[in-house]
Each structure stands twice: as structure tokens, then as C-alpha cells.
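Chemist: Provided below are the primary sequence and the corresponding predicted coordinates.
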Amino acid sequence: MKNLWEIGTIKDIMTRHGFQFSKSLGQNFLINPTVCPQMAEYALSDGATCAIEIGAGVGILTAELAKRAKKVVSIEVDSALLPVLDETLADFDNVEVINADVLKTDINALIEEKFPGEKVAVCANLPYYITSPIIMYFLENKAKIENMTVMVQKEAADRLCAEVGSRESGAVTVAVNYYAEAEKLFGVSKGSFMPAPKVDSAVMQLKIRSNPPIEVSDEKKFFSLVKSAFSQRRKTAANGISSGMGKPKADVIAAIERAGLDANVRAEKLTMEELARLCEEI
Ligand code: SAM
């Protein structure tokens, strides 16, 4: 197999296949040989035997997953990459590339069809323009996976892996924490990609929880409350909840106080338990 991290190899493949990078599809391909083996090791160290990849690119991470997993399914939206991948993944008979938009793919049906009885990890160098939507798509659909081991922009990793109740936390931090335990694994410099993005990246892992860390009677209401509470970052949670959920501010403040919280509290100060308590009082 060719060294897919070598710029010369990638350029040669691109020229022969007439392939051009698409900025709008977030195509920053990895050219650092140490990153993909580490990502694949982390993804498959959790009892997972098979892997789903999002966005194969020229197949550098796909190949590392294929070396370690029983089977890999890679979902790649750009059909221009299919002939490239036919060439770069020719050595593997345990890889299937599906030409589809991951956000339009029924993930649980795919897992049932392609990986019956197996434990599955998701591993990807995510297209940065839809990092959170992809992560939330897997979590909200309760995809039957063990973990998501993904490369994201460093700032996104900081936000997603922040402690709920800390200054860096946001609505997405709470949502991620509800479904998974998030950990930042290692940083990756912008020079590790071709073309180089403007910012550094980080690899993080979400280990899927078997049960949420808090109990809420209405999940939909809980996430609506969280989204509203964080919607006006410089204002109090009461302001955000009142406008986001369309409730009189006095009623929201009364509920906040019934939950044993300060009426002027800001969303980023609230823990998972406090948000759950507040949800029951609203
Ligand atoms: N895995 C390769 C690597 O590490 O070099 C490529 C990573 S590149 C950051 C992101 C990949 O995701 C691109 O190949 C892009 O075409 C693909 N992609 C973008 N949007 C997608 C979507 N909605 N569904 C599936 N793949 C997508």
C-alpha cells in the first residue's frame, strides 16, 4: 500500500483521478503518519471489533482501521473520491465505502445490516463545518456504538469536553454529557493536514453511557430548557429560558427558586443535576 501521508503520493493520486479539494466539504486530509494509527487504536481498544468512519478522504484513517477491525464501513459523501478509494484501499477486503451523506443515513439500520452481533466504534477526522451536527446525530439517535473517537477543531474539543458547570461549557456540552463521557485525548497541529486549516485540532473520545447521569421525566423538554438557558450567554439563565421557552419571566424565576437556585444564576454555572431539577420545576 502506498504511503498516504506523503504529500507527493496524494498529489499524484489527485492528478491521475482529476480530484480537487472541496473546501465546502471540509476536505483537510491528514498527512501526519502518527495520528491515524493512534486514533484507530483508541477507537478499537474499547471492546469494539468493527468501525464506522465518516469521510474517508483518500483512505488514510480507513486503512488503519481496516488493519485492526474485522470490518470497516466508511461513509463518504464525495463521489469523486470513490475511484481514489478503489485504488488506495485495494489491499483490504474488509472495507466497504458507502457514497452517502452521513446525516441522511439511518445509522442503526446500517449497524444492524453491516455489523450483526458486533461491537462498533465510530472513528473519524470530522468535516469541521458539521462537527456538532454529526456528533449530535449519533447521540440523539442513540446509535448502538461503544465510542466516538473523532478529530475536531481544538476549540470544539475544549467546548465538548468541558465540565458542565464550568465557564467553557455550553448547551452542546450538556447534551454530550447526557449521552457520553467525553475526554480530550491529544492535540494535532494544523501542519498535520493538507491543505492546512487555520486552527489546530484535537482528537477526543466520547464513551457512550449505558444510562444518562441524571433522570429527567421529559428529555425533549430538558434539551429545550438547556438550549434556551444557554441562548443568551451574557444574560441570566432566567432570561434565556423565558424567551426560548416562551414563558413569563416571573414564572421562570419562581421555578428557579423552587429548584433551590439563585434567581440570577447563569447557565454555565449550572450542573447536570441542577439543570435536571430545574427542568422538573419549569
Ligand atoms: N479521513 C480523511 C483524512 O483524515 O484525511 C478525510 C477527512 S476530511 C477532514 C473530511 C471528509 O468528510 C472528506 O473526505 C469529506 O468529503 C467528507 N464529508 C464531508 N461532509 C460529509 C457528509 N455529510 N457525509 C459524509 N462524508 C462527508
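Modeler: The structure has been received and is ready for your questions.
Chemist: counting contacts, what elements does the helix or strand of the chain with the lowest mean pLDDT pack onto?
Modeler: Ranked by mean pLDDT, DSSP states H and E, the helix or strand of the chain with the weakest confidence is helix 7-17, at a mean of 90. Counting contacts by 3 or more C-beta pairs under 8 Å, 6 or more residues apart in numbering; DSSP states H and E, helix 7-17 packs against helix 82-88. From N, CA and C alone the C-beta is placed, and that goes for glycine too.
Chemist: average model confidence for the helix or strand just after the least confident helix or strand of the chain?
Modeler: Sequence-wise, the next helix or strand downstream of helix 7-17 (DSSP states H and E) is strand 29-30. Averaged across strand 29-30, pLDDT comes to 95.
Chemist: And for stretch 97-106?
Modeler: Mean predicted lDDT for stretch 97-106 stands at 98.
Chemist: do stretch 59-66 as well
Modeler: Here the average pLDDT along stretch 59-66 is 97.
Chemist: How about that stretch and the ligand, touching?
Modeler: Yes - shown here: stretch 59-66 in contact with the ligand (C-beta under 6 Å from any ligand atom) through 60-61.
Chemist: Use 898 as the first number from now on
Modeler: Shifting the count to begin at 898 puts that one at stretch 956-963.
Chemist: got the contact list for W902?
Modeler: W902 makes contacts with 927-930, 933, 957, as judged by C-beta atoms under 8 Å, 6 or more residues apart in numbering.
Chemist: Mind checking which of these are buried?
Modeler: 927-928, 933, 957 (16 or more other C-beta atoms under 10 Å).
Chemist: Distance to R913 added to these, as JSON lines?
Modeler: Formatted as JSON lines, the buried ones among the contacts of W902 follow (distance: C-beta to C-beta, whole Å):
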{"residue": "L927", "distance to R913": "20"}
{"residue": "I928", "distance to R913": "18"}
{"residue": "C933", "distance to R913": "22"}
{"residue": "I957", "distance to R913": "17"}
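Chemist: wait, which of these is closest to E1015?
Modeler: C933 (21.5 Å; C-beta to C-beta).
Chemist: Contacts only, for the residue lying closest to G944 once chain neighbours are set aside.
Modeler: Spatial nearest neighbour of G944, chain neighbours left out: K1016 (5.3 Å); criterion: C-beta to C-beta, 6 or more residues apart in numbering. Going by C-beta under 8 Å, 6+ apart, K1016 touches 943-947, 1043.
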